[in-house]
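1. need coordinates for the following:
(one chain, ligands or ions: 1)
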Amino acid sequence: MKKSILNSALFATLIVAGTAAPAAVNITVQTDQPGAVLNHGMWGIFFEDINLGADGGLYAELVKNRSFEFPEALMGWQVSGAANGVEIRDEKPFSTMQPHYVRLPAGASIANEGFRGIGVKAGEQYDFSVQARATGLPTLQIELVTDDGKVLASGNLKKFAADWQLQKLTLRPNATEAKARLKISATGNGALDLDMISLFPQKTWKNRPGGLRADMVQMLADLKPGFMRFPGGCIVEGHTLANRYQWKTTIGPVAERKLIMNRWNDEFKHRPTPDYYQSFGLGFYEYFQLCEDIGASPLPILNCGMACQFNSGELVPLDQLDPYIQDALDLIEFANGPATSGWGAVRAKLGHPQPFNLKMLGVGNEQWDQQYIDRYAKFHQVLKAKHPEIKLVSAAGPSPDDQHFKFAWPELRKLHADIVDEHCYANPLWFFENTHRYDNYDRNGPKVFFGEYAAQSDKVVSTNNQNNLECALAEAACMTGLEHNGDVVKMASYAPLFAHVEGWQWKPDLIWTDNLRSYGTPNYYVQKMFANNPGNVTVPVKVDAGGASTFFVSASRDYDSGETILKVVNAANTLVEANLDFTGGQNIASKVTAFTLAGNLQDENSFTDPKKIFPVESKLEISAPQFEYIFPPHSLTVLRLKITK
Ligand code: AHR
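-> Just a heads-up that it's a prediction; the model follows:
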């Protein structure tokens, strides 16, 4: 790897004006000298219910506030008809965990607005369900309607009992609509009590009833992520301990999963989202199942007895941490215990007798200072004694180089921490300048999880941040450094993952969605190119770029395919003609597969042009392990070729 210390202003000029792009570069890849062992699953994903990531996103439920548990109990619902008789009640509820329900007298209607509308597709089928009980002889009419009153689908339910019963019907919309509403009207005589009013597409991921949005999971599956971290992020911590994430309240029947406010609801005054709550329909069982589906190693993060230090910073006293540590022990049993164990039996009853093969567990999200170290130490002591097979992920605060970070590392080293989670939201220059960050890390200490990162075109939490190619290339450049240092950097994940175009709090994000569609950003395609082309071992690569500092390279070898993989970022504004020399093999396959991501620095993808920046695959015929290759301006290129001895 070429070393350089960049001058910010100079570098900005270089990548825009391209004046210092090397005329020709010599790259030597020493294929016969395998270096450090890489984690083949080092490129993973970070999932958090932020930006309508879960509710209103991955969790395919189309009804918002389905159980009337929002503090403003009719939020998301519009009442019409005999509005006076519509009441929120809680006597003899369907679920004591979600005690509220609506009473709908004959003549009244309620309509749900969904999450920024309800997205439905013509010709597809939607499962409506409701818990209902009746007095008198009412009929329930269910309709999907547009804003201007057009009926897209309708059906009736007529037979009700005096006690709670599940009622279902299927709706088939006659047109595609991104912003439909679900209208429910009582006619006849009497009244209906209604709870858990739900609408799901039948076409979910793997067609699971009550499951996940297929297009969004497909985007994740396409990444081929090595691991998935869940459920966050700051929602692990909560503003206060009362609204921290507690995994045990997220499993079992959905009506028994107690809803809480999502901490991103009111976190940002400039992006308030007052209708953002966590239903936990996507709970820990579903997270583990999702990991299994997409071949990602699960990495759950648990609260360590600390609420978010950006908010209340509330702490569990050290002598009262046991229930938190017990949650971790129980989670390990839930994931890995035999079906005969207490929590293993719970997992088996939920439908998964086989273990989920948990290997890693995070203790706290983005915590810092002595208060974290004290709490981590307690978790470490118990978990390492009882489960030495589980690698623990510890926190180093919110920044890659502030005083919290500098405090955390020596302390965690003393504790023999396994893996330290570093977070970095910084401008593109930081990423270009830090490609050698890990070159001098201690090889005998804890390993690194570069667990949250994203280049910010403006500044952290600015609404002006863009998912443009410049940021994506900055991340790619940095990722070459992570791979090159794969003996110490064992995992990395971009954050945040999803954002709804009308419901986001934080920008930039990897994948953008609306009610019907999703698209990948240039940053997504960078992640995809790395995660689809992982190596088992690093391969030394020497670059002679004539002093230019806009060229970033890493190389690895993949054992399954026997291929050498070269990843190259040309951040300059001009193409680079390179002489490639893959040493160490007499024979070389005659074909090289190339994946190229290139464009203008400010280019972004969008719903109107979702593949403006997209990796293009091509094949190249070569006759010897020495050949010329032209790297386009502003590009990431991945080359795969087979060298045999
Ligand atoms: O990714 C968004 C937030 O950034 C995460 O929730 C938190 O861990 C970090 O501060």
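
2. show me the contacts for Asn112.
-> By C-beta atoms under 8 Å, 6 or more residues apart in numbering, Asn112 lies in contact with 63-66, 76-77, 118, 181-182, 184, 197. Yep, even glycine has a C-beta here, placed from its N, CA and C like the rest.

3. Asp330 too?
-> Per C-beta under 8 Å, 6+ apart, neighbours of Asp330: 248, 342-343.

4. most neighbours among the residues you listed, which one is it?
-> Per-residue neighbour counts (other C-beta atoms under 10 Å) across the contacts of Asp330 peak at Trp343, which has 18 neighbours.

5. can you tell me the SS state at that residue?
-> helix (DSSP: H, G, I helix; E, B strand; the rest coil).

6. could you do the one 3 residues further on as well?
-> Recorded secondary structure, Val346: helix (three-state DSSP).

7. which helix or strand contains the closest residue in space to it that isn't next to it in sequence?
-> Using C-beta to C-beta, 6 or more residues apart in numbering and skipping the chain neighbours, the partner closest in space to Val346 is Phe334 (6.2 Å). Following DSSP states H and E, one finds Phe334 within helix 322-336.

8. what comes up buried for that helix?
-> Buried residues in helix 322-336, defined by neighbour count with 16 or more other C-beta atoms under 10 Å: 324-325, 327-328, 330-336.

9. just stretch 369-385 next, same as before
-> Applying a neighbour-count criterion of 16+ other C-beta under 10 Å, the buried positions in stretch 369-385 are 369, 371-373, 375-380, 383.

10. which parts of this protein sit against the ligand?
-> 48, 50, 232-234, 365-366, 398, 423, 452, 495-496, 506 (C-beta under 6 Å from any ligand atom).

11. most neighbours among the residues you listed, which one?
-> Neighbour-wise, those (other C-beta under 10 Å) top out at Asn365, 30 neighbours.

12. what about the closest residue to that residue other than its chain neighbours, how many neighbours?
-> Spatial nearest neighbour of Asn365, excluding adjacent residues (C-beta to C-beta, 6+ apart): Val236 at 4.4 Å. Using other C-beta under 10 Å, the number of residues around Val236 comes to 26.

13. how far off centre is stretch 47-65?
-> 12 Å (C-alpha atoms, centre = their mean, to the nearest Å).

14. and what of stretch 510-518?
-> 13 Å.

15. how near is Ala426 to Pro508?
-> Applying C-beta to C-beta, to the nearest Å, the value for Ala426 to Pro508 is 12 Å.

16. who has more neighbours, these two?
-> Applying other C-beta under 10 Å to Ala426 and Pro508 shows that Pro508 carries more neighbours, namely 27 against 20.

17. tell me the pLDDT at the more buried one?
-> We have a pLDDT of 98 for Pro508.

18. how about Arg437: what's its closest non-neighbour residue?
-> Closest residue to Arg437 apart from its sequence neighbours, by C-beta to C-beta, 6+ apart: Gly481 at 6.3 Å.

19. from Leu639, how far off is the one you found?
-> 18 Å.

20. same deal with Pro615?
-> According to C-beta to C-beta, Pro615 stands 12 Å off from Leu639.

21. Leu192 now?
-> Taken as C-beta to C-beta, the span from Leu192 to Leu639 is 64 Å.

22. flag the shaky bits of the chain, pLDDT-wise.
-> Along the chain, segments meeting pLDDT under 70 span 1-23, 83, 586-588, 645.

23. domain parsing for it?
-> Taking automatic domain parsing as the criterion, the chain consists of the domains 8-41+536-644, 55-59+205-241+288-531, 77-201.

24. out of those domains, flag the one nearest Phe70.
-> domain 77-201 (9.0 Å; C-beta to C-beta).

25. gap between the two ends of that closest one?
-> One end of domain 77-201 to the other measures 20 Å (C-alpha to C-alpha, to the nearest Å).

26. of all the residues in the stretch 151-300 of the chain, which one is nearest the ligand?
-> With C-beta to the nearest ligand atom, the shortest gap between the stretch 151-300 of the chain and the ligand falls at Gly233, namely 3.2 Å.
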